[in-house]
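Enquirer: model this:
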Amino acid sequence: MTRRPARGRKRSTRQEWDELLTVAGAALIVITLGVTVVNWLLAHWWVLVAGLVLAVLAGGGWLHQRRQQARWEAVRVRGLRYALAELDAVHHARFEEAIRDLMRRDGCRDAQRVGGGGDLGADVTATDPYGRRWVIQCKHRRNGAGGAAVGTPALQVLNGTARQVHGADVAVIVTNGRVSAPAVTFAAQQRLHVVDRQVLGVWASGARPLWELLEGLPPPRKQSALS
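Expert: Numbers count the residues shown, from 1 in each chain. Here you go, the predicted model:
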């Protein structure tokens with residue numbers, strides 16, 4: 001009974017030596033290949049120099065392209081204008097992107113589209129140049145003013161999540177259509193802001209930033225270059 005464990009230990013030791021030899025052999029191959037490559041590069045140093053030059057040129061070209069794209073995007077956003085007919089024709093997801101871009105145009109650099117499944121009533125969030133956080137719910141109507149009016153339930157969702165969940169200073173619902181009278185009354189009672197088709201048309205035309213078109217906004221959180 002005492003000899004069986006000894007045979008087991010011998011087999012284990014033999015396996016360990018085999019694994020060690022395998023690792024050592026692999027390491028020797030790697031080292032040999034590394035030395036061969038280094039020696040070849042030393043003998044053909046111009047290949048290494050050419051590779052470095054090409055890498056620098058490629059990196060410089062990529063960086064230049066990124067900067068150029070950023071400049072083009074900044075120019076596009078600064079000059080952004082929408083007609084109501086354009087907004088009527090887009091998909092609802094593109095409508096949310098348009099609202100995001102309008103906020104960026106007006107100086108909200110962090111404006112982003114967050115709409116989608118489980119968005120909890122927020123389609124666009126942004127911080128204006130005065131430090132106020134905006135949470136915007138978008139309601140697109142393909143038929144524009146001829147579509148169904150935005151009702152109180154949509155405002156109730158916004159009221160329940162904008163401040164408590166998303167930390168809004170300004171909670172807004174934006175539509176290219178109509179808003180029902182009860183919904184407008186509810187919004188006024190709950191300090192929500194409504195951007196209907198008429199207000200959207202003025203804003204999208206580039207005449208004034210959205211915060212100059214709405215009444216009863218909270219005071220700025222900070223001074224701005226725009227103030």
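
Enquirer: Residue 210 against residue 105, yeah?
Expert: No: checked against CB atoms under 8 Å, the pair residue 210 and residue 105 is beyond contact range at 10.1 Å. In short, each C-beta sits where N, CA and C put it, glycine included.

Enquirer: Compare those two and say which is more crowded by neighbours.
Expert: Neighbours were counted for residue 210 and for residue 105 using other CB atoms under 10 Å; residue 210 has more, 26 against 19.

Enquirer: Spatially nearest residue to the more buried one (excluding sequence neighbours)?
Expert: residue 203 (5.2 Å; CB to CB, 6 or more residues apart in numbering).

Enquirer: Test my guess that the one you found contacts residue 214.
Expert: No: using CB under 8 Å, residue 203 is not in contact with residue 214, being 9.5 Å away.

Enquirer: who's more crowded, those two?
Expert: Using other CB under 10 Å, the more surrounded residue of residue 203 and residue 214 is residue 203, with 24 against 15.

Enquirer: what is the mean pLDDT for the helix or strand hosting the more buried one?
Expert: Per DSSP states H and E: residue 203 is located in helix 197-204. Mean pLDDT, helix 197-204: 96.

Enquirer: That one packs against which elements?
Expert: Packing partners of helix 197-204 (3 or more CB pairs under 8 Å, 6 or more residues apart in numbering; DSSP states H and E): helix 84-89, helix 92-105, strand 170-175.

Enquirer: Quick check: next helix or strand after the second one?
Expert: When you say that, I think you mean helix 92-105. That would be, after helix 92-105 and using DSSP H and E, strand 112-113.

Enquirer: For that following strand, which strands pair with it and how are they oriented?
Expert: The pairing partners recorded for strand 112-113 under DSSP bridges are strand 124-127 (antiparallel).

Enquirer: ok, residues contacting the next helix or strand after the partner strand?
Expert: Using DSSP H and E, the next helix or strand after strand 124-127 towards the C-terminus is strand 133-139. If you take CB atoms under 8 Å, 6 or more residues apart in numbering as the criterion, strand 133-139 is touched by 92, 95-96, 99, 103, 108, 115, 121-128, 150, 154, 157-158, 162-163, 166-175, 177.

Enquirer: So what's the predicted local confidence for residue 74?
Expert: So, for residue 74, pLDDT stands at 52.

Enquirer: Ok, residue 11 next?
Expert: Residue 11 is assigned 63 on the pLDDT scale.

Enquirer: And the one 5 residues further on, by the same measure?
Expert: On pLDDT, residue 16 comes in at 80.

Enquirer: do you know how far it is from residue 29?
Expert: Look at residue 16 and residue 29: by CB to CB, to the nearest Å, they are 21 Å apart.

Enquirer: Great, nothing more from me.
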